[in-house]
Each structure stands twice: as structure tokens, then as C-alpha cells.
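*Asks:* need coordinates for the below:
(chains A, B and C)
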Amino acid sequence: MDLEQLRKTAAEVVAKDDVKYLIGWKKGTYGYRVSPVFIENEADTEDLIFSPLCTANLVTYLTLVEKPPLPRGQKPDTRKVALMVKGCDSRAVAQILVEKGIEREQIIVIGCPCPGVIDVNLLVAKYPEVAENTELKWSGEDFVLIRGGEEIPVKREEVLAEKCRLCRYPNPVVSDIMIGEPVKPWQTEEDTGVSELEGKNVAERWEYWEEQFARCIRCYSCRNVCPLCYCEDCILDRLNPTWINRAVNFSENTAFHIARAFHLAGRCVECGECERVCPVKIPLGRLNRKLAREVRDNYGFEPGLDPDGKPFQASYKPDDPEDFIL
Amino acid sequence: MTDKPRIGLYVCHCGINISATVDVDAVAKYAQNLPNVHVARTYSYMCSEPGQALIKKDIREQGLNRVIVASCSPRMHEKTFRKAVQEEGLNPYFLEIANIREQCSWVHEDMTEGTAKAKKLVASAVAKVRLLEPLESTEVDAEPAALIIGAGIAGIQAALDIADAGFKVYLVEKSPSIGGRMAQLDKTFPTLDCSACILTPKMVDCASHPNIELLTYAKVEEVDGFVGNFTIKVRKKARYVDVDKCTGCGECAKACRLANRITSEFDEGMGKRSAIYMPFPQAVPAKYTIDPENCLMLTRGKCGKGPKCEEACQAGAINFEQQDEIVEFKVGAIIVATGFDTFDASRKPEYGYSNYPNVITGMEMERLVSSSGPTGGDIKVFNGEEEIVPKEIAFIKCVGSRDASVGNEYCSRVCCMYTAKQAHLLREKIPDAKIRVYYIDVRAFGKGYEEFYDRVRRENVRYIRGNPSEIFKRGKKLVVKVEDTLTATPLEDEVDMVVLAVGLEPRADMREVMDLLRLSQSGDKFFMEAHPKLRPVDTATDGVFLAGCCQGPKDIPDTVAQAKGAAASAMVPLASGKVTINAQVATVNEATCRGCGYCVSVCPYSAIELVTVNRFGHELEVARVNEALCKGCGSCSSVCLSDSIQPKSFRDRQILPQIAALGGTR
Amino acid sequence: MSEDFEPNIVAFLCNWCSYAGADLAGTSRIHYPANIKVIRVMCSGRVNPLYVMNALQQGADGVLVSGCHPGDCHYMEGNYYARRRLGIFKDLLEFVGVDPRRFHMSWVSASEGHKWKEVVEKTVEDVRAAGPFEGFRRRQIDW
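*Replies:* Predicted coordinates:
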């Protein structure tokens, strides 16, 4: 990726009168950290980066924005928001467009073809010491770690994020401006996380998830980071009716995760954010990916590809599977 | 909900229908301790006047504001009790029924089990009734017109009754003439009235009635809306004849190049007609129609040097450029009178209907014996070698009826009698014929039927109990192989002609009507009525009624009676001029709605739309329900991720407590 | 699993077909196990799959959802949506380790009183075999 081109394009975008800000990535305060940045003026575009450390999906900031009551007579700010998206992120944009979460004209999508990002935990485990100005770059199929002036080659398979190993859409499916050339999709790996569980019997699976869900602290990070969980008033928080009790225990946690996964069935774009942010490392992606697989294989449906498409749960085919019906 | 719920709970004994397997006193005692239950009583028949009075008295004296009746299915008496509580000033939707009869006492044998289950069902009702909301029914004007689909005797009779009462009727018939099956019949049992003689005056009345608009050679294509306010689209197929000009003189048919070369449907394939035709001489309207499947002009674009019909028509009525026409109108009620198909006898290959020309069906017999039929009423059949007057004739009954092997377990109700009638008519035409009737049972249940059957037997028609296994040819004769089951004698009966008394079946194209009107089929695949005994002409779709054989096999008197019943029912909304809109409609919480439009996608009635609202200065879209269109199915609510759209009386907050009550956690 | 385990099953029935079919079973005095307790909804399309989860959490050992046959829905297509949503939900439950025998779906028409009995018997038999579902019960807190 040509950073100069990115920054130049970004500067042109934010210079426009009808653009409120641009959401992108910038280098974080320490170590391998990368943080989201909201850029309102041209000068700040110098901060923008796009590297294998840009794992976070920025699409969530499109819908998180609050709409506080306006003083009488004040017009809402209807300027556009520009944002940088990777392939997976762009699918979230497409899905939000399907469900009218945002209007197409309100956003400027800057597509960033993505050769794959890393799982920071794997990188930290392998290269724990970080110096000032530590950087990670793409280098051919692999990565190169730049630390204290030294360039250390890092093998792709050692640090690649799980979602990227399974990624089939590295190039943005929705974009107004594309930075750089499309990347060639790679051979995806078997989703062993899902397959292994499928191989177990129900009792073993229950045991597996029992252990996982029992650890959940119900911080709701998974929900809050998800670009597609953007109901202002989530039913899982609601008291009347109470779907899920406030209590943090196995029963309520399990119900919470079943409900969350179900609400994402046919909507999840497999960006992996829920799992990435989970403080107790529950492999939530497996739940979503399992349903995505069923939706794909049995219903021939894949969300987040066509902004004008039908929503999975609000559509049907007369010949949908019904082998489970008595 | 401002007032604290004070629930009155009434457990019905239903004589011993409930109390035989449910300890009603134990249920009432248990319910007494459920939250907000103020009184719990039992009574022998809650639906009776004193039963209802009990509820009313308690509402008055005990200040009840919610009522539960634990009794039969809500499909039986929900309305009764709603009305009762309403009469005492309570909102009718503050009522819940616990179904402890159809779904408890009648299906369980053990008293302990039945009682335990009844308690749970009552607890579930208590959980829900506390959280119900008062609903107001709204009324809208009903269109004072009716649509009748099918113009056989049922449709005709219903049309005349409704039109005579002063309402507009649109009578839609698929074929070029009204009249239906009855027009094909020769005489009618048991009185031997000439079918045409009693039918054609009614047909003419239809045509001349100022309130009836005939739409023949037409098909209903779209039905929108709801009781009182249906919008109908009908396709009038091109006849290629200008009906305003056509005088019905018939010169065109005589001139047609295909004259007497096309199989006549009306004569059951035994007679011939032209490509331009009137189905039968008394057709209404008495207008000609060009059959687009056979007409040379329409199939090949060319008819000799020019179409002869056009040449022959003095009135200049032929118009090959005519197009289908779509007619749109509004009605308040619909009667379905689409009739039946006769059983296709080739589905019983053992009877050789497809192989032997002298094996004919009852319907063919009607045409054969009719003086307006293809032979002018002479009984002549081709036995494979020559045309003969049959002297030995066998009738076989229950062909395609009472026969699980062809999927029809029901009795067609007319075959016994039309067989007797045809035997009688044959006896008149061929006095020396030997006539034998093979039967399983003889069902002569109507007024004058048994007497007629006796008369026919006295006319030397032999009834032999046995269901023939096979018909085959031997020389010039047909052999009916059968066992006389009364004497346990195997027989081989040699005859000149066999008449198969084919049964009645649901129409092959009934699916289209089902989809159009959202009707269901009963087990016999005929249209299903709302209740087999108490609502025999109603359907599950409000404002749509059934008449005639589309609901099940019937003879003419029953068909006419049902048609009159359907007409009377259909006139209820028309006469009152008002229909009540379902109050249990969906409602949107605009504060939480995300405007995603999922509900809009799933609503089968297009009752939901997205509208722009201003929420504290921000413009955003939310869903809004058109209550007149909403049927309250609730599909919208289970697709809503934020639970912002909910059907009243079936809200999540009303159903989840039911789940908890049945689950047992509360 | 104890021998005398009687499963508690919550069923959601559409008003027009399955509830009417269950009523018909009653009118025809067709006997079936008492384990099943019905909640009437207007359409199987009304059955939010989370009801199934909620029922299992609130004390049911199994859940049955029944609606009109495809093509026969009183509301034209509610059962098609139900089939898709509950089908995928069943996949989810199974993946989480809920015995698939605990959740069934069926089409029972208003004329199928006998089929209703068969569906109930099959469901009860399956849930009985799966055993009590204590693991997922909502914990009750006495204040």
C-alpha cells in the first residue's frame, strides 16, 4: 500500500465541505498498538497508516455515533463520513446498507485491499520486546517487523489472524475510492475451530461451551464492538420483557451468547472483532462462523456482498431446507 | 395498565366433558393462590346463560378487571365470553381462555395428568391476562357488493339471492357460459325434473338482473384487501367476438372450416363443435366464442383465403384483434362456488375405460341420454366393431369414491342416486334391456331418495352387491368380473355397455383459488370450512364463503341450500355496511425502531411502511403499521431485532410470562 | 436418567392450522401424552426463535413449534419465514450442544388430528430420551 497515495486521497476527501471527518487508523501510543483516528483537517492525514496491524473494523463507528437531542431550530450535521475499510470491513458496510442502518450517500468508503492482518497476541508471544518506532509491514506473502532500525522477517502463518486465514473477500466489496491494486484472494484454510467442534457429539459440545460461557463476565464488549450490533436499545439489556436476567451466571451467559449469535445469523460478515476484543478469550467467532457456514451451504446465502440484497432472516425461498421438520 | 389486575377465574365442568378427566375443583383451588387471582370458581356450563351471569355478577360485585375462562377451545367460545365481559363494561380483550377441553380433558385419560396439565394451562393464562392491554375495535365501511367465483347452480343461486336483496353481484365464470355441471345433466333425481328446464330460467334471471354483472370467460387474477373491502382484478379473456354485436345466430359456427371437428367439452368429448362455438344452445350469454387453441386464424394466423366466420357474420362481430381485458372492482364479500371435477376413470385401469369405447362414465351417460346430447337421446354405443343399442348394461358404483387406493376415502353422495336415475331412464328408452347395478352400499338418504330407489328396483333393475375386480372383452361383449358378496358367488357378467358411476373430486385448478384467497383444504382435499358443523359455509378468511361442491360432494338440493346459506352470510357485512377491523394488530415502538425495514419485507399484506420522523431534531425512518391492512399475524415482530414491532395481545412481554408459567420457573 | 422422568414440553402452535388440528384431535378424542402444553400464537411466523431458548431456560425440557404446511399459511408465507429462522436456530442450538431431540418443528394442518398425535408422541419420546435439561435452567433468586 502506498501511504502517500492514501494520505493524499484522504486530504482531498476531508478538504471537501460536505465531509465531517474521515475514520482511519493511526499508530497507537505504544508497542504494536494501532488506534482509530477521526480526521477533520488535511494536516492530520499525515497520521494515517495502513499496515498488518490495522486489525480493527472501523465500521462500528459509523453507527455508534450518538444523536443527542438538538436545540430547537438547530439543524443536524448531515455531512458525510469517510472511512477506511478492508475487505471484511466493507462487507459490514454492505450489510448495514441492506438494513438501512445508514444511507449510501452519507458515507465515503475508502477501500483498502488487504493482504491479511495479524493477530496481535501471536505477534506479542513471538516478539515480546518492543522498541520505539516498532512497525510491521507486508513483504511479499509475509511480513517484516521493523524494530530499532532492524528488519526481522516474520512468516505469514506464524502471526496471521484467524479471520484472515479463512478470508475469501480480501478486496472491498463496497467502495468509492480504492487505494492501491486489488490483492489476489488466497487459498483459504479449513475452519478447524468450527469443524473440530462439529466433530464432537452434542454432550461434548455442551461441555465445551459450558466451560467457555461460564467464564463470560458479560462486559458486552463483543456486542459493542460488532459493527452489526447497533440497536440503540438492545433487547438483551431490556427489562420489559426481560429476555436475559442481569445476573452473571452460566444460564444467563449462555442465553446471551445464543441470542447474540442468532441475531447475527445471516448478518455476520466474519470480521472477527467480537472474538478479538473478548477479555476472557471466548472463541465467539466459532459460533458466528458456524452459522455463516450453515447459511452459505444450506441456504445459498452470504451476507454483506450486495448492498441492494435481501436480508437473510426477512426473506425465504420456497425450497429452503426442511429436513428437520417432523 | 393503571389498575392492579383483579382476576376472576372460572373453570368449566362442561357437563362431564372436562370434569371426567380434570378435577375442576382442584384447578380452581390451585388458581386461587396464583398472583392477582381474586376469585376462582367452577360451574357446570360456563357458556350457558347462568354461567355468563356468574362472571358478570363477579365483575360487578367483586370489581374484577380481568377474566379467565378455563373451558373449551378459544376457537369455540372466545367471542361469547368477550361479549359477556364487554356487557359488564370490561374491555373485551381483558379475557383469556385456557383450553382445558380440546387440548386437555378430551385427549388425556388419567385424572392426575389431566388435572396437572389443566393447572399449568390456567397458570399460563393467569400469567398472560395480567399483562393484556385494552384494545378498541374500529369499524370501516363495507362495500355493498359481492364477488361470486363460479357460475354453476351454487354461484347462480347465491348471485340471485344477493342481487334480489339489493346488492351488486359480480358473477365470474371461467367458461363462456354460466350453468356449470347442472346444465350438462339430463334429468334430476328423484323427481325427474328436466335439469335444463329448472336451471335455464335462473340463468336467464342472472343475465337480466340489474344487480348482476356477468363476467363469463373470465378469471379472477388478484384479490387484495380484507372483509368489506376486497379489491378484485378479473381478466376477461378475449372471445374474439364482440358480444355487443353478436346476435347468437350461429351462422359463424356453421361456416367455420372446423365445423363439427372439435371435441365438445360440454358433451363430455362425445359430440363435436366448431372452433367458434356456443357451449350449448341455452348458453347465457347466448354469444359465440372463438376457441384460441383450435381456431386456424389464431393458431396459424391464416384460415383459407379468409376466416369464414367473419364472412358469415352479418353483424360484423368477429374481431381477431380483440385483447384480454382487465376489470377492477371492489366488493365486501366473496363466495367461492368453483365446483368439482369428476373422477378420471382411467385411474382405475382395471375397468378399461381407456380401452373400450362402450365403457363410459356417468357424466357421459348424462349426455348420451339427453335429447340435446350428441345422439339426440338415442342410446347407442360403439362396441369396438359396430354401433349397437345396448341390451345388457352394467352400472358400477363407487368408482373413485370410498377408495383409498386412489386417495379418495369419502363418499361422493350423488353416484348412488344418479345411477338409479340413469337406470330408470335407460329402462324408459330400452324397455327390454337387462340392467344390473354393482354396488358396495346403496345410500339413498335424501327426501324421496329411498322411495325412488325402490321404484327403480321394481322396474326390474337388478342390484348386485359386489365391487367388480376387472372388465375385459370377450367377443363382442364386455365381461364384468365380480363376486356377488351376498351369495359369495363369483360372476362373469357379459354386457354391451358399462357405466362407471364416477365420483366427485376437488378441481384440479383449486390451488389457484386457494392461493388467491388463502383457503385451506380439508382431509378430502376439498375446501375447508371454518367449522364442520357450526360454520359450514364460512372459511378461515373473513368475508370469504363457500357454496356447493367445492366444499365437498353434494347433490343439487344441498348445493342450493348451501348457496343460500353462503349468500345470507355474505350479506351480513353488506347489509350492515360496516366491518369490524381486527383489534389485535401490530404496533411499533418508534423510540427503539431502527428503521431497518425487515418487518416491511416480511409483511404479507404490505401493511407496514417506513416513514420519516423527527426525533429530537434528527430525521430518521421508522416503521408504521396501517391497522386496516394488518391481520395481526406477528411475523414482523419475530424478525425485528430490537423487538420494536409487536402484535397487540401477542407481545413478547405477554408471551414470555406464559413460557415461564408452563416451564415452571414462576 | 430416572425411569419416571416426565418431560415438560412447551409447544407454540399457529392458530389456523396446528392449533385447530390439536383441537380436532380433542374433538375426535384422540389420546396423546399430557407432557405437551400449548401456547397459541396467530402464526408460526410469530414464533421468535428466542422463545425456544427462553422456554428451555425457563424449565422446559423440550420445545415444539408447529404451523401450517408450506403453501397453506393463513397469512400466506409466515411459515416459510418460521422455517428459515427456526431451521438456522436449530443448527445453532445443536452447535452449542443442545440435544437436537429437544427441539422439533412440524407442519400440522387443521384436518390432521392424527398427525398432531403422532407429532406429540414423537416429540415426547425424543425429549424423554434426551432426559431432563437441568444444565441450562434459569437460576431463581430468592430475595
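*Asks:* got the confidence number for residue 122?
*Replies:* This is for chain A. pLDDT recorded at residue A:122 is 93.
*Asks:* wrong chain, I was asking about chain C
*Replies:* Looking at residue C:122, its pLDDT reads 97.
*Asks:* in the stretch 51-200 of chain A, which spans are helices?
*Replies:* A:60-64, A:87-98, A:120-126, A:156-159, A:162-165, A:192-199 (DSSP state H, counting those that start in this stretch).
*Asks:* how about the residues of the stretch 1-150 of chain A near chain B?
*Replies:* A:67, A:68, A:69, A:70, A:71, A:72, A:74, A:75, A:76, A:99, A:100, A:101 (C-beta under 8 Å from any C-beta of the partner chain). Glycine gets a C-beta too; all of them are placed from N, C-alpha and C.
*Asks:* which stretches of chain B have low pLDDT?
*Replies:* B:1-2, B:665-666 (pLDDT under 70).
*Asks:* related to what we said a few turns ago, nearest to chain C, out of the helices of the stretch 51-200 of chain A?
*Replies:* helix A:192-199 (6.8 Å; C-beta to the nearest C-beta).
*Asks:* how many other residues sit next to residue 158?
*Replies:* Using chain A here. When counting by other C-beta atoms under 10 Å in any protein chain shown, one arrives at 15 neighbours for residue A:158.
*Asks:* ah, I was thinking of chain B
*Replies:* Counted by other C-beta under 10 Å, the residues lying close to residue B:158 total 34.
*Asks:* break chain B into its domains for me.
*Replies:* Here the domain parsing of chain B from automatic domain parsing is B:7-136, B:145-237+B:324-339+B:507-578, B:251-312, B:342-504, B:586-647.
*Asks:* which stretch among these comes nearest residue A:295?
*Replies:* Nearest to residue A:295, of all these, is domain B:586-647, at 15.2 Å by C-beta to C-beta.
*Asks:* work out for me the element the nearest residue to residue B:74 once chain neighbours are set aside sits within.
*Replies:* Nearest residue to residue B:74, sequence neighbours excluded (C-beta to C-beta, 6 or more residues apart in numbering or on different chains): residue B:97, at 3.9 Å. Following DSSP states H and E, one finds residue B:97 within strand B:95-99.
*Asks:* for chain B, give me its nearest residue in chain A.
*Replies:* Relative to chain B, the nearest point of chain A is residue A:70 (2.9 Å; C-beta to the nearest C-beta).
*Asks:* can you list the buried residues in the longest helix that chain B contains?
*Replies:* Counting by DSSP state H, the longest helix found in chain B is helix B:556-576. Within helix B:556-576, the residues that count as buried by 16 or more other C-beta atoms under 10 Å in any protein chain shown are B:556, B:558-560, B:562-571, B:573-574.
*Asks:* and which of the residues you listed is nearest residue B:429?
*Replies:* Nearest to residue B:429 among these is residue B:556, at 22.6 Å by C-beta to C-beta.
*Asks:* so where do the helices sit in chain C?
*Replies:* C:18-27, C:49-57, C:78-96, C:113-130.
*Asks:* let me know which of these is the nearest to residue B:371.
*Replies:* Using C-beta to C-beta, these put helix C:18-27 closest to residue B:371, at 47.6 Å.
*Asks:* how far off strand B:95-99 does the closest one point, in degrees?
*Replies:* 50 degrees (axes from the mean of the first three to the mean of the last three C-alpha atoms, to 10 degrees).
*Asks:* please see if helix C:18-27 touches chain A.
*Replies:* No - applying C-beta under 8 Å from any C-beta, one finds helix C:18-27 separated from chain A by no less than 11.5 Å.
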